[in-house]
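Trainee: dropping the sequence and predicted coords here.
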Amino acid sequence: MSNDTQASRPAARSGVMTIAPYVPGKSKGSRVRAYHKLSSNETPLGPSPKAIEAYQAVGASLELYPDGAATALREAIGDSIGINPAQILCGNGSDDLLGMIAHAYIDPGDEAIFTEHGFLVYRIVTLAAGGVPVVIAETNKTADVDAILAAVTERTKVVFLANPNNPTGTYLPQSEVRRLHAGLPPHVLLVLDAAYAEYVRRNDYEAGIELVGGSQNVVMTRTFSKVHGLAALRVGWLYGPDHVIDALNRIRGPFNVNAPGLAAAAASIRDRAFIEASIDHNATWLPWLTAAFTDLGIDVTPSVANFLLLNFPDRPGVSAEAADQYLLDEGIVLRRLEPYGLPNALRMSVGSEEANKATVDALARFMAERGGQAPHG
């Protein structure tokens, strides 16, 4: 008979069991009926029909391994973006790529820097590699370049910067990103996580392509889960210097992206008209939602992505927790943000017209019942 004690069973590496696992946004409302899921920043337009067609075509040959080098997808990305396919690495979502970066560049005891409201995966992959997370305060929910640079030490190996940032929706202009890079020692790898880059319509924004092209210590990660609507297939890509691509190729899984995902992503990135339609939808509804929630007395952090950060008033009965429960009862699912250090805020993905209007109407009723605001007209 086995004795189920720590001394008599395999033990995870020191520190692993102290990592808080990533918890995704809820998928359903509290009632068993139709609901609007606006908790995971998924596009309401879904994937390109051409991507669906390419995905379905692979179904006849599922017995075959995918191309481990992701050749066709890298070429499609290179053609569409105007970059060298040899400097592209594909992964099982950008999360896979972030994990590879930590595994390749962070030794036990090394430091990785990210900001206080940065993507939760940065902490997870740093700790999983045995590294030390260094969390930097933000200014107005925006990354602070001076604060990041002040935290760099000889032990710093990686700086993770989500631009735009999730869950705040804020961004750093190109000039600030370049100032950050210029202030980093050459041994520090700057990781520009540009998962929401396609949505940004600001003249002073740059996703990182030019900076990567002229540097030896910058990589940019992207995803097909957001504007491309392929979240279920888990496809991401990275653009970086040759030496980084070489290092990551040595540790990635040999078939880390599935064949349907490779085919659908290649078709999607070539369907520019469909992607532009998704971007246009977001550009229409993001300011509409911002104005509507502001009229209700809810502070909205200025966002350039496909989601909004709703900051609730500090008044009894009008908390984010109360609003979240009210919305769940109405069949509307937003994202709670306690793990991000934002306990009195909710994140709302820009949804369909129906979902957007339903959310505004529900919160108008909530604020009128709890805070005296007039219902949204």
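Mentor: Yep, that arrived.
Trainee: Leu328: which element?
Mentor: Remark: Leu328 resides in helix 320-329, with elements defined by DSSP states H and E.
Trainee: can you pull out the helices in the stretch 1-150 of the chain?
Mentor: Shown for the stretch 1-150 of the chain, the helices assigned by DSSP state H, counting those that start in this stretch span residues 49-57, 71-81, 93-105, 120-128, 145-150.
Trainee: quick one, which of those is nearest to Phe255?
Mentor: Closest of those to Phe255 is helix 93-105, at 12.1 Å (criterion: Cβ to Cβ). Backbone N, C-alpha and C define where each C-beta goes, glycine included.
Trainee: what residues does the closest one touch?
Mentor: 89, 91, 112, 121-122, 125-126, 128-129, 131, 157-158, 160, 189, 191, 193, 195, 219, 221-223, 225, 234-238, 247-248, 250-252, 256 (Cβ atoms under 8 Å, 6 or more residues apart in numbering).
Trainee: are any of the residues you listed buried, and if so which?
Mentor: 89, 91, 112, 121-122, 125-126, 128-129, 131, 157-158, 160, 189, 191, 193, 195, 219, 221-223, 225, 234-238, 247-248, 252, 256 (16 or more other Cβ atoms under 10 Å).
Trainee: so how far is the longest helix anywhere in the chain from its chain's centroid?
Mentor: What stands out as the longest helix in the chain, according to DSSP state H, is helix 272-295. Relative to its chain's centre, helix 272-295 lies at 18 Å (Cα atoms, centre = their mean, to the nearest Å).
Trainee: hang on, the earlier thing: and Arg179, which of the helices of the stretch 1-150 of the chain is closest to it?
Mentor: helix 145-150 (5.6 Å).
Trainee: and the helices of the stretch 1-150 of the chain as JSON lines, adding distance to Ala362 and mean pLDDT?
Mentor: Formatted as JSON lines, the helices of the stretch 1-150 of the chain follow (distance: least, Cβ to Cβ, whole Å; pLDDT from 0 to 100):
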{"stretch": "helix 49-57", "distance to Ala362": "32", "mean pLDDT": "98"}
{"stretch": "helix 71-81", "distance to Ala362": "39", "mean pLDDT": "97"}
{"stretch": "helix 93-105", "distance to Ala362": "31", "mean pLDDT": "96"}
{"stretch": "helix 120-128", "distance to Ala362": "27", "mean pLDDT": "95"}
{"stretch": "helix 145-150", "distance to Ala362": "38", "mean pLDDT": "98"}
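Trainee: and those: which comes nearest Ala267?
Mentor: Closest approach to Ala267 among the helices of the stretch 1-150 of the chain (Cβ to Cβ): helix 49-57, 3.8 Å.
Trainee: quick one: that closest one to helix 272-295, angle?
Mentor: Helix 49-57 and helix 272-295 meet at an angle of 120 degrees, taking axes from the mean of the first three to the mean of the last three Cα atoms, to 10 degrees as the criterion.
Trainee: output the contacting helices and strands for the longest helix of the chain.
Mentor: Applying 3 or more Cβ pairs under 8 Å, 6 or more residues apart in numbering; DSSP states H and E, we find helix 272-295 packed against helix 259-270, strand 299-301, strand 307-311, helix 353-371.
Trainee: please enumerate the helices of the stretch 151-300 of the chain.
Mentor: Taking DSSP H, counting those that start in this stretch as the test, the helices found in the stretch 151-300 of the chain are 174-183, 209-213, 242-249, 259-270, 272-295.
Trainee: go ahead and confirm Pro85 touches Ala69.
Mentor: No. Between Pro85 and Ala69 there is no contact under Cβ atoms under 8 Å: 9.8 Å.
Trainee: look at the two and report which has more neighbours.
Mentor: Using other Cβ atoms under 10 Å as the criterion, Pro85 and Ala69 rank with Pro85 on top: 18 against 15.
Trainee: what sits against the more buried one?
Mentor: By Cβ under 8 Å, 6+ apart, the contact list for Pro85 reads 71, 74-75, 77-78.
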